[in-house]
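[1] below is the sequence, then the predicted model.
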Amino acid sequence: MAKMAASVVETGEDAFRKIFKFYKRRHPPPDFGDVIDFSKCVTNDKIVPVKLDPAAVSDGDAAKVGLHPVKDWRAFNLQGYPGFIFITNPFLRGSQPFWIRQCLKTYPLKPNVCNLDMHMSSADTQDIWAKSVPNLSFPSVGKREPRTLLERLRWVTLGYHYNWNSKTYSANHYTPFPTELHLLSSQIATACGFTGFNAEAGILNYYRSDSSLGIHVDESELDHSRPLLSFSFGQSAIFLLGGTHRQDAPTAMYMHSGDVMVMSGQSRLLYHAVPRIVPAHQEEALVESELRSWQGGAIVEQVSEEDWAVCSRYIRSSRINMTVRQVLGQGQSFPETPSLHQTEDEKNMKRRRYSDSPNIEETL
């Protein structure tokens, strides 16, 4: 735990909440000196390098989804967090724009579900990208235009769609999981020793500069033996990883664009949160200039300059996080679920809970 953050915790208090508030505060700003930065490749008694099997995924298969050969990945464990693996930007130079574009243009398309569906008609949210492009491509001079739908996007669900009220998945609320994201997730999981990982559900969170993600545990999946994968793009974030109780003080670390986290084993059910977004370092911000260095591949195609104009403007002040999960274990099936028909009270509750708020609090 960071020394500066530790000073704010008193005996008997919710240590996680105290440290969350410490890093979230704006005035005075917190001291980030003790936040772990895996990109600096400093190993100590807390940070331990992980040797991944370079033969688990062929170089060709890795390149198909825009990844470096596994032998070139820089992966780390954290002492005290069994099963937690942090991979510092395994993406080939120039491949991140494809995944950013997918998150902004493709994955919000219907029949996938997003927060805007809670208080808008399906016709209005059919193509969020198309409705947002005019203002994001050509910023107005002078007075700022009203926020576009893309800037109001907070979350999108893929595959088995997460039910935010019941905190469950169900067989009757499903749309096909994106093939390319399934393959990317499979490559990451296989390289980390989880062969046969089946990406069945995805939750995409979209963070503005003042957004945060509340303290939570990802436990809704029926099979907890499979890892949780987390992909970060755009601006950096402070990520807090705690213990099995909220009284356990968390460890703070940076997540930069392209970083991947794997939570497995004992770390699969640990409390975690994102208290704040922080501006990317200059070297991480280079993702914006990567477009011209990528000629495309079998799956990860080159992004057009027109599309990248929108994406790059968006990520100058925003962060995107994709979490991918396997919901069902081998031979498992969903229990009987109630009807999809909702009462008006339930619909109103969802609209109130997911109104256009700047924060992503307690959503998982």
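    That came through, no problem.
[2] mind checking what secondary structure residue 105 has?
    Of the three states, residue 105 takes helix according to DSSP: H, G, I helix; E, B strand; the rest coil.
[3] equivalent analysis for residue 252, please.
    Applying three-state DSSP: residue 252 is strand.
[4] how about low-confidence regions in the stretch 101-250 of the chain?
    137-146 (pLDDT under 70).
[5] what count of nearby residues applies to residue 101?
    20 (other CB atoms under 10 Å). No exception for glycine: its C-beta is placed from N, CA and C like everyone else's.
[6] tell me which element it falls in.
    helix 96-101 (DSSP states H and E).
[7] sheet partners, orientation included, of the next helix or strand after that helix?
    The helix or strand immediately downstream of helix 96-101 is strand 113-114, counting by DSSP H and E. Here strand 113-114 has these sheet partners by DSSP bridges: strand 155-159 (antiparallel).
[8] next, the buried residues of the partner strand.
    155-159 (16 or more other CB atoms under 10 Å).
[9] can you show me the strands along the stretch 201-350 of the chain?
    In the stretch 201-350 of the chain, the segments counted as strands under DSSP state E, counting those that start in this stretch are 201-207, 213-216, 228-234, 236-241, 251-255, 260-263, 272-278, 319-325.
[10] nearest to residue 77, of those strands?
    Among these, the nearest to residue 77 by CB to CB is strand 260-263 (10.2 Å).
[11] direction included, what does the closest one pair against?
    strand 84-87 (antiparallel), strand 228-234 (antiparallel).
[12] now find how far off-centre the first one is within its chain.
    In terms of CA atoms, centre = their mean, to the nearest Å, the centre of strand 84-87 is found 14 Å from the chain centre.
[13] nearest to residue 97, of the strands paired with strand 260-263?
    Among the strands paired with strand 260-263, if distance is taken as CB to CB, the winner is strand 228-234, at 9.2 Å.
[14] got a list of contacts for that closest one?
    96, 99-100, 103, 184-185, 188-189, 199, 207, 218, 255-264, 268, 280, 287, 314-315, 318-325 (CB atoms under 8 Å, 6 or more residues apart in numbering).
[15] which residue lies nearest the spatial centre of this structure?
    The centre of the chain sits closest to residue 321, judged by CA atoms, centre = their mean, with a distance of 2.2 Å.
[16] give the bridge partners for the closest residue to that one other than its chain neighbours, please.
    Here the nearest residue to residue 321 in space, its sequence neighbours aside, is residue 205; by CB to CB, 6 or more residues apart in numbering that works out to 4.7 Å. Note on residue 205: beta-bridge partners by DSSP bridges are residue 155, residue 321.
[17] distance of residue 205 from residue 212?
    For residue 205, the distance to residue 212 (CB to CB, to the nearest Å) stands at 10 Å.
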